[in-house]
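> Any chance you can model this:
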Amino acid sequence: MSETASQPQNRQPWRDEITALPSWLRRPLGKASEISTVQRIIKQRNIHTICEEGRCPNRGECYAQKTATFLLMGPTCTRSCGFCQVDKGHAPMALDPQEPQKVAEAVKLLGLRYVVLTAVARDDLSDGGAAGFAQTMQAIRATTPDAAIEVLTPDFWSGKEAQIQQQERIATVVAEHPVCYNHNIETVRRLQDRVRRGAKYARSLAVLEIVKKLDSSIATKSGLMLGHGETQDEVIATLQDLRSVGCDRVTLGQYMRPSLAHLPVQKYWTPEEFDELGEIARSLGFAHVRSGPLVRSSYHAGEAE
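You can find the predicted model right below:
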C-alpha cells in the first residue's frame, strides 16, 4: 500500500483519541491578541518559550497575567523522555551568545512581572547549561529589576564525575538567587525509566535537596504529570519523598499525549481526584499547591510570591 493511501488509517486513531478527551480537558486558548503579541516578540528575537514549544493549554491565561516561561539554549533536547513535546533526537543548536539579552528585551517589552526560565537538557555542554541560566537572570535584572525570576532546571547530571559537577552547576544557578528553584520529578518512582529516559528518581530528589543546602531561603518546587499508570498511593509516596528533601511547592496536572509517537495516556484523573490530591499535599506541609487537570509547572507560579 502506498504512503498516501495509508495516511487516513494512520490519522484516524489520533482523531479518535482527541475526540475522546474528557470535557474538563477542553478550554479556550485565550485572547488571540495576547498570544500573537508574545509570539511576535519571541519570533523576532529567535528565542523560545516552553509555552509555545510545549503548546501549553494555559498560555493565553498566563500571558494575560504577565507571566511567561522562556526556553533557554534552543528547542532541541539531548534526552528523549517519552511524554515531552519538545524536539529531541537531533544535534542541539549552537548557543546564541546574545540570548540572555534577547530574553531580557522580551521581558521588558512584554512588561512581565514574573518570569520562569527553563531549558532543554544540554548534556553536550561542559556545564550542562548552568551559565545560561545565570547570565539570563543577570540580564533580566539589569533591564527589569522588579521582575521576579523562577528557574526550572534539568538535573545537570553529566555522567562523568557527575555528583561533584551536579552540585557545582546547581550552585551557579542558586548564586543568582531566583525566587523559586523548580525541578520536576514528573512521575512516581516505579515509572521513571519508562517516562523519563535518562533521568532518575533519586537524582531529581537530590537536586532539590542540594538547593536547600546551598540556600535554605530559596523556595523549591516540583511537579508530577499524572496519567502514566500511577496509583494514588504512589503519588502520595512521591509527595512524601519531596517533602523529605524540603520541597516547598508542588504542581499536579494531567498528562495529555502530544502525538501518537508519545506514551499513551493510561488514565484521565478527574477534577475531584485532583482536588483530593491537592488537599493531601497541603496536609503534608507544602506551602503552595496547584492540583488540577490543566495545571502545568508554571501555572499561576507568581501567586506564590
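> make it CA atoms for all contacts and neighbour counts henceforth
Noted.
> Number of residues surrounding the closest residue to residue 129 other than its chain neighbours?
Computed as C-alpha to C-alpha, 6 or more residues apart in numbering, the closest residue to residue 129 that is not its neighbour in sequence is residue 122, at 6.1 Å. For residue 122, the count of nearby residues is 23 (other C-alpha atoms under 10 Å).
> Can you verify residue 122 is assigned to a strand?
No. According to DSSP: H, G, I helix; E, B strand; the rest coil, residue 122 belongs to no strand; its state is coil.
> wait, doesn't it sit right on residue 131?
No. The criterion here is C-alpha atoms under 8 Å, and residue 122 misses it with residue 131 at 11.6 Å.
> on that earlier part again, what's the distance between the residue nearest to residue 129 and residue 116?
Distance, residue 122 to residue 116, using C-alpha to C-alpha, to the nearest Å: 18 Å.
> do the same with residue 153
If you go by C-alpha to C-alpha, the gap between residue 153 and residue 116 works out to 10 Å.
> Tell me which of the two has more neighbours.
Using other C-alpha under 10 Å as the criterion, residue 153 and residue 116 rank with residue 116 on top: 26 against 22.
> is it true that the more buried one lies in a strand?
Yes. Secondary structure of residue 116 (three-state DSSP): part of a strand.
> Just list the residues touching it, thanks.
Taking C-alpha atoms under 8 Å, 6 or more residues apart in numbering, we find residue 116 in contact with 67-70, 149-152, 298.
> let's see it at 7 Å
Each residue near residue 116 by C-alpha atoms under 7 Å, 6 or more residues apart in numbering is listed here: 68-70, 149-151.
> and it, how far is that from residue 253?
18 Å.
> shaky segments in the stretch 101-250 of the chain?
Regions of the stretch 101-250 of the chain meeting the criterion pLDDT under 70 cover residues 159-162.
> now the strands for it?
Under the criterion DSSP state E, counting those that start in this stretch, the stretch 101-250 of the chain carries strands at the ranges 114-119, 148-152, 180-182, 219-226, 249-254.
> ok and the longest one relative to strand 148-152, angle-wise?
Okay, so that is strand 219-226. Interaxial angle, strand 219-226 versus strand 148-152 (axes from the mean of the first three to the mean of the last three C-alpha atoms, to 10 degrees): 50 degrees.
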